[in-house]
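Undergrad: quick one: sequence and predicted model below, then my questions.
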Amino acid sequence: MLRRLRIENLVLIREADFELAEGLNAITGETGAGKTILAQAVGLLLGAKGDAKAIGPAGKEAYVEAEFDVPDGFFEEEGLETLGELRPEDEAGLVLARRIFPDGRTRAYAWGRAAAREDLAAATELLVGMSGQFEQRRLARPAYQLEVLDSFAGEAQLRRRAALRTAWRELAAARRRHEEVTQDAAAAEARLAELQALVEDTKGFEPGTEASLLLERERLRHLTELAEGAGAAAEELAPDEGDGAALLAARAERAIAPLERLAPELAAAATELRDVGARLTDVAAELRSFLDSLEAEPGRLEQLEGELERISDAKRRFACPSYEALLERAAVARTELEAREAGADPAAEAEAALARAQARVDELAAELHDARTAAIPRFADAVASELRGIGLGDGEFVVELTAQPTAPGVGITGKDTVTFLIRPNAGLPFAPVAETASGGELSRIALAIAAAAGGKMTLVFDEIDAGIGGQTAHAVAQTLRRLGERSQVVTITHLPQIASVADRHLRVEKVPGDPTHTRIEQLAESDRREELERMLGGREFLSTVR
């Protein structure tokens, strides 16, 4: 869900920072108050181009930021890999933002870090469905239509989708592996030589070796400082000539010892002094032993540099970004060489693994196809019923399912392509949903589809009440309320029928001044009644119809 939206200096909105509720959120206000600026803000997160004209008078830049709660596995979706790499550790949600500069340029951010606008839009499109041009673009995407149908088919179908996504990636890995081991003889020989070289060049490398060598090198580079410090400390404790701390402690103990029989309470002090003297002597011995170790291997630094250079060369030669990755590749190489020596046939094993992976993908794709075929009649009837309920003609709606006939046609969502077709008026041919309607009508079609299918994304409706009233407005309001029980819905509306059933009511209000600006506030129950009264025509008008 869209948890929070923050807007700064966008057109008339000087500053707004508000939270949205689960369920149905209604945003109302007088005509011209700035309600559509909210849709403009969401549009920026969906990838709309920035325009310097959208910057308000309160500053030189405009800024929009949204906080989302995202489902488990969200960043594993195809196309979100780059965005996922920016994700801070232990961050459960997603924070996206766009900034517009005075020259019209924009910057996109994820968790405050610079990101590509395309990555920002890809993530938002998976989380937010918005009416208008974005609705048309979304409804035209076969992938989205397939998601909607699968969502309607139920949780078991969504689990099949997730399983196929995993199986498809495993198939891609099996194909790469198969290609590697079934190339021509020269390439196979070269691969064998590379495996042998990798094992030979990493001989003796153990986990933690690089870190240990780096630490020791750093120590030896500061040998003089270490020697001077340890030597000075040892000299203060137990010098070759003169009195040191250890001797002074011993003298103090000897001064007190004869007095213990006269004052037994001095025994504890004498014991402490004896212990201190012994410990100081031990520390001095340890320091001198440390000094001796510094001089034990005069050529050690050069040896360390050579070992570290060997590790660096191996990482560079075998294109490993880290020492750990080098060890991992070396372990895989050793395993393969051992298997070869034991008589294993890597090509045959790769081919068998590829066949198993392909069979699993085909099996899941067939299950998905069968479930979709079974769900289509029920889904079409459900959408048609919703369309009729909100006043869209006879509600004629059909779903076309096309399957690729061969295995190579299987993709990450299966072998099917889905097209939603609608006939708004009797006698006209069926046509794709995205090409048939526009504006408020398209928003209501999207509402009908969402009400039938459910789904977990946030749905934003800006034009859903365009050109409707009376019973149709009431029907649309009830459909939005039902949809809000399963999904988060945000609707910008002028209809009291819709606003009255919302779980949270926000009001957009123009504030006179120099310059005039817009503010957004969440309404308490008493303020909400006043706003609904205004939307119905005000007290004077209502008194004339009672």
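TA: Right, received. Where do you want to start? Computed from a prediction, not measured in an experiment: that's the story for all the values here.

Undergrad: what's around E241, how many residues?
TA: 6 (other CB atoms under 10 Å). In short, each C-beta sits where N, CA and C put it, glycine included.

Undergrad: ugh, wrong one, D72
TA: For D72, using other CB under 10 Å, the count is 7.

Undergrad: separation between it and A143?
TA: 21 Å (CB to CB, to the nearest Å).

Undergrad: also Q196?
TA: For Q196, the distance to A143 - CB to CB - is 45 Å.

Undergrad: distance of the spatially closest residue to M130 that is not a sequence neighbour from A325?
TA: Excluding the flanking residues, the one nearest M130 by CB to CB, 6 or more residues apart in numbering is V460, at 4.2 Å. Look at V460 and A325: by CB to CB, they are 43 Å apart.

Undergrad: those two - which one has more neighbours?
TA: V460 (27 against 13).

Undergrad: just list whatever residues bridge to that one.
TA: M130, V490 (DSSP bridges).

Undergrad: low-confidence ranges, the stretch 351-500 of the chain, go.
TA: 393, 395, 405-409, 424, 437-440, 455 (pLDDT under 70).

Undergrad: let's see that with 90 instead.
TA: 351-354, 362, 383-397, 402-417, 419, 421-476, 479-480, 482-488, 491-496 (pLDDT under 90).

Undergrad: contacts for stretch 97-116?
TA: 10, 44-45, 49-52, 54-55, 60-66, 82-83, 86-88, 91, 94-96, 117, 119-120, 123 (CB atoms under 8 Å, 6 or more residues apart in numbering).

Undergrad: switch the cut-off to 7 Å
TA: Applying CB atoms under 7 Å, 6 or more residues apart in numbering, the external contacts of stretch 97-116 come out as 44-45, 50-52, 54-55, 60-65, 82-83, 86-88, 91, 95-96, 117, 120.

Undergrad: check stretch 165-178 too.
TA: Outside stretch 165-178, the residues touching it (CB under 7 Å, 6+ apart) are A350, E351, A353, L354, A357, Q358, R360, V361, L364, I412.

Undergrad: who wins on neighbours among these?
TA: Within these, most neighbours by other CB under 10 Å means V361, with 26 neighbours.

Undergrad: which helices and strands does the helix or strand containing it pack with?
TA: Following DSSP states H and E, one finds V361 within helix 346-389. If you count contacts as 3 or more CB pairs under 7 Å, 6 or more residues apart in numbering; DSSP states H and E, helix 346-389 packs onto helix 142-153, helix 155-181, strand 396-403, strand 416-423, helix 439-453, helix 470-484.

Undergrad: grab the nearest non-local neighbour of A26.
TA: A502 (3.5 Å).

Undergrad: mind listing what the residue nearest to M130 touches?
TA: So V460 contacts A39, V42, V128, G129, M130, S131, V490 (CB under 7 Å, 6+ apart).

Undergrad: neighbours of the second one, how many?
TA: It stands for V42. For V42, using other CB under 10 Å, the count is 22.

Undergrad: before we move on, the earlier item: just want the angle from the helix holding V361 to helix 439-453.
TA: Between helix 346-389 and helix 439-453, the angle formed by their directions is 120 degrees, by axes from the mean of the first three to the mean of the last three CA atoms, to 10 degrees.
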